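>>> got a sequence here, can you build the structure:
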Amino acid sequence: MSENSGKNSGDTDRIAEVRRDTAETQIRVRINLDGTGVAKLATGIGFFDHMLDQLARHGLVDLEIEALGDLHIDGHHTVEDVGITVGQAFAKAVGDKKGIRRYGHAYVPLDEALSRVVVDFSGRPGLHMRVPFKAGMIGALDTQLVYEFFQGFVNHAGVTLHIDNLFGDNAHHQCETVFKAFARALRMALERDARMAGVIPSTKGSL
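Predicted structure coming up:
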C-alpha cells in the first residue's frame with residue numbers, strides 16, 4: 001500500500017505513521033485503519049500490550065507500536081504518551097472524514113463484566129469514563145492509567161468518547177471489555193458509508 005496524507009475518499013489508503021519523542025518517552029505508532037487486526041506491540045508493559053492487541057484485533061486496525069519510556073519510575077508517561085501518539089495517528093489516517101459513519105457504539109461482555117463505549121469523530125475532544133476498577137494493578141498496569149490513555153487519545157484524535165463499565169467484579173475482565181468495546185465502536189465509526197461517499201457527516205460541512 002502507498003503512504004498518503006490521510007485522506008479517506010474512495011479507495012485511498014488510510015495509513016499513518018507518527019513519532020513522538022520527549023525526555024520521558026520515545027514512541028512510534030503506525031496504523032492502517034482498513035487492516036485485518038495485525039498488531040506488533042512493544043510498550044514494556046505486558047498487560048497494556050494485551051489491551052492494545054484487543055484494539056487492533058476487534059477494531060480490524062493494523063497497529064504497530066514501539067515505546068521506550070521511563071518505566072523505572074512508573075508506567076504513567078509511557079501509557080499516557082502512547083495514548084497521545086495513537087490519537088495523533090488516528091487523526092492523521094482518518095483525514096477529512098468524508099464518507100465515514102462518524103458515530104460508533106458497542107457493548108461487550110466477558111463473563112460477569114459488561115462495558116459500553118460510544119464514540120463520535122466530532123473534532124471536539126471530550127471524555128466521560130466511569131470504570132470502577134476492582135483492583136489497583138492488573139499485571140504491571142496501574143488501572144488509574146487507563147483513564148490517562150483514553151484522555152491522551154481523545155485530545156489528539158479529536159473525538160468525543162463515553163466509556164461505562166456497567167458490571168464487573170474482576171479488574172482484568174473490566175479492562176478487557178472496555179478495550180474490546182472501544183475497538184468495536186471505532187470500527188463502526190470509521191466504516192465507509194456508501195450513501196455518504198465524498199460527504200462530510202455534519203451539517204456544518206466540516207469536522
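>>> and the host helix or strand of Ile27, which strands flank it?
According to DSSP states H and E, Ile27 maps onto strand 25-32. Applying DSSP bridges, strand 25-32 is found paired with strand 15-21 (antiparallel), strand 62-69 (antiparallel).
>>> what is the helix or strand that that strand is followed by packed up against?
The helix or strand immediately downstream of strand 25-32 is strand 39-42, counting by DSSP H and E. Applying 3 or more C-beta pairs under 8 Å, 6 or more residues apart in numbering; DSSP states H and E, we find strand 39-42 packed against helix 46-59, strand 62-69. Backbone N, C-alpha and C define where each C-beta goes, glycine included.
>>> how about strand 39-42: buried residues?
With burial defined by 16 or more other C-beta atoms under 10 Å, the residues of strand 39-42 counted as buried are 39, 41.
>>> do stretch 88-104 as well
Quick answer for stretch 88-104 (16+ other C-beta under 10 Å): 88-95, 97-102, 104.
>>> stretch 144-160 too?
Using 16+ other C-beta under 10 Å as the test for burial, stretch 144-160 gives 145-160.
>>> and the residues you listed, which is closest to Val119?
Val159 (5.6 Å; C-beta to C-beta).
>>> thinking again about what came up before, between the helices and strands packed on strand 39-42, which gets nearest to Val38?
Minimum separation from Val38 across the helices and strands packed on strand 39-42 (C-beta to C-beta) falls at strand 62-69, 4.8 Å.
>>> what is the mean pLDDT for that closest one?
The average pLDDT for strand 62-69 rounds to 98.
>>> quick one: buried residues of that strand?
Neighbour-count burial for strand 62-69, counted by 16+ other C-beta under 10 Å, picks out 62-67, 69.
>>> between that strand and helix 46-59, how big is the angle?
Calculated by axes from the mean of the first three to the mean of the last three C-alpha atoms, to 10 degrees, strand 62-69 forms an angle of 160 degrees with helix 46-59.
>>> and the angle for the following helix or strand past strand 62-69 with strand 62-69?
Moving toward the C-terminus from strand 62-69, the first helix or strand encountered (DSSP H and E) is helix 76-94. Between helix 76-94 and strand 62-69, the angle comes out at 150 degrees (the same axes, to 10 degrees).
>>> show me the shaky parts of the chain.
Within the chain, the stretches with pLDDT under 70 are 1-11.
>>> returning to what we had before: narrow the buried residues of stretch 144-160 to those in helices?
Counting by DSSP state H, the buried residues of stretch 144-160 place 145-157 in helices.
>>> report the contact partners of the closest residue to Ser202 other than its chain neighbours.
Closest residue in space to Ser202, ignoring its immediate chain neighbours: Arg102 at 7.5 Å, by C-beta to C-beta, 6 or more residues apart in numbering. Residues in contact with Arg102 (C-beta atoms under 8 Å, 6 or more residues apart in numbering) are 120-122, 189, 201-202, 207.
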